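K.L.:
Dropping a prediction and its sequence here:
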Amino acid sequence: MTMPQTPALFLSKIERRYVQGETTLHILRGADLAVWPGEIVALVAPSGSGKSTLLHIAGLLERPDGGEVYVGGEPTTGLDDAGRTRLRRLDIGFVYQFHHLLPEFSALENVALPQLIRGLPRREAESRAAEVLGFLGLGERLRHRPAELSGGEQQRVAIARAVANAPRVLLADEPTGNLDPRTSDYVFSMLVALVRASRLAAVIATHNLDLAARMDRRVTIRDGLVVSLD
Ligand SMILES: Nc1ncnc2c1ncn2[C@@H]1O[C@H](COP(=O)(O)OP(=O)(O)OP(=O)(O)O)[C@@H](O)[C@H]1O
């Protein structure tokens with residue numbers, strides 16, 4: 001008998017309000033989203049609709065005002081800050097529009113660092129980092145610092161850093177947003193190949209409809225709810 005599968009990420013009835021003086025912005029009003037291992041979901045939401053808010057909540061960077069975030073089937077809102085940080089380090093990878101690499105470290109060191117923080121021995125962390133960088137076509141750039149890499153290469157290092165820990169969930173906010181169209185297309189293909197090879201569950205926010213069309217399904221945020229665009 002096969003066990004029923006669990007979504008890698010499950011957002012259930014997520015509420016988020018921002019209170020500013022007299023006004024309350026009710027940004028998320030019971031948003032639901034389930035993402036399965038190996039699935040890539042495009043989040044194509046208008047500016048200001050709550051896309052970053054949703055990604056921050058999914059990535060345990062921000063707490064919802066209501067609802068529950070399940071990672072690998074486990075509820076997370078009851079965890080204290082240390083528990084959330086631990087789970088985030090183990091199970092969640094982030095890629096942002098701007099790479100946020102550490103300028104004084106090489107590509108290899110940038111990718112190995114999150115694994116060292118998790119307690120992996122240096123040799124193992126660096127060997128895993130070299131493997132992922134090699135997969136992304138950067139085998140010849142391991143010792144380069146970010147300033148010695150092109151924009152597309154820097155972004156591939158950021159992708160390698162996010163996935164080298166073998167997280168369950170990958171969250172990306174406009175990961176190719178600051179690259180020219182050709183490089184964006186190439187880096188995106190690399191990202192998809194890596195997500196599929198590692199069977200991660202990915203949510204990728206983008207305004208680029210061509211890229212969104214290449215993901216498994218498309219959702220948006222409308223009136224505080226996640227709705228399917230397919
Ligand atoms: N800390 C905060 N305090 C008050 N309002 C906030 C806060 N964070 C976000 N907001 C408001 O919530 C709304 C959603 O913000 P969010 O950053 O999630 O938008 P977004 O959909 O990611 O937009 P963009 O695509 O422009 O980044 C915005 O109107 C924003 O002004």
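P.N.:
On my side now, so go ahead.
K.L.:
Pull the distance from the longest helix seen in the chain to the chain's centre.
P.N.:
Scanning the chain for the helix with the most residues, using DSSP state H, yields helix 181-198. In terms of Cα atoms, centre = their mean, to the nearest Å, the centre of helix 181-198 is found 13 Å from the chain centre.
K.L.:
same check, this time on stretch 163-183
P.N.:
Shown here is stretch 163-183, whose average C-alpha point lies 7 Å from the average C-alpha point of the whole chain (Cα atoms, centre = their mean).
K.L.:
before we move on, what about stretch 127-142?
P.N.:
Relative to its parent chain, stretch 127-142 has a centroid offset of 20 Å by Cα atoms, centre = their mean.
K.L.:
Compute the distance between the most centrally placed residue in the chain and Glu68, please.
P.N.:
For the chain, the residue nearest the mean C-alpha position is Leu171 (1.6 Å; Cα atoms, centre = their mean). Distance check for Leu171 against Glu68: by Cβ to Cβ, to the nearest Å, it reads 17 Å. Glycine gets a C-beta too; all of them are placed from N, C-alpha and C.
K.L.:
How about Thr183?
P.N.:
The spacing between Thr183 and Glu68, counted by Cβ to Cβ, is 38 Å.
K.L.:
who has more neighbours, the two?
P.N.:
Here Thr183 and Glu68 are set side by side on neighbour count (other Cβ atoms under 10 Å), and the busier one is Thr183, at 17 against 14.
K.L.:
ok, the more buried one - contacts?
P.N.:
Neighbouring residues of Thr183 by Cβ atoms under 8 Å, 6 or more residues apart in numbering: Ser150, Gly151, Gly152, Thr176.
K.L.:
which residue packs closest to the second one, ignoring adjacent ones?
P.N.:
The one in question is Gly151. If the residues on either side of it in the chain are set aside, Gly151 comes closest to Leu179, at 5.6 Å by Cβ to Cβ, 6 or more residues apart in numbering.
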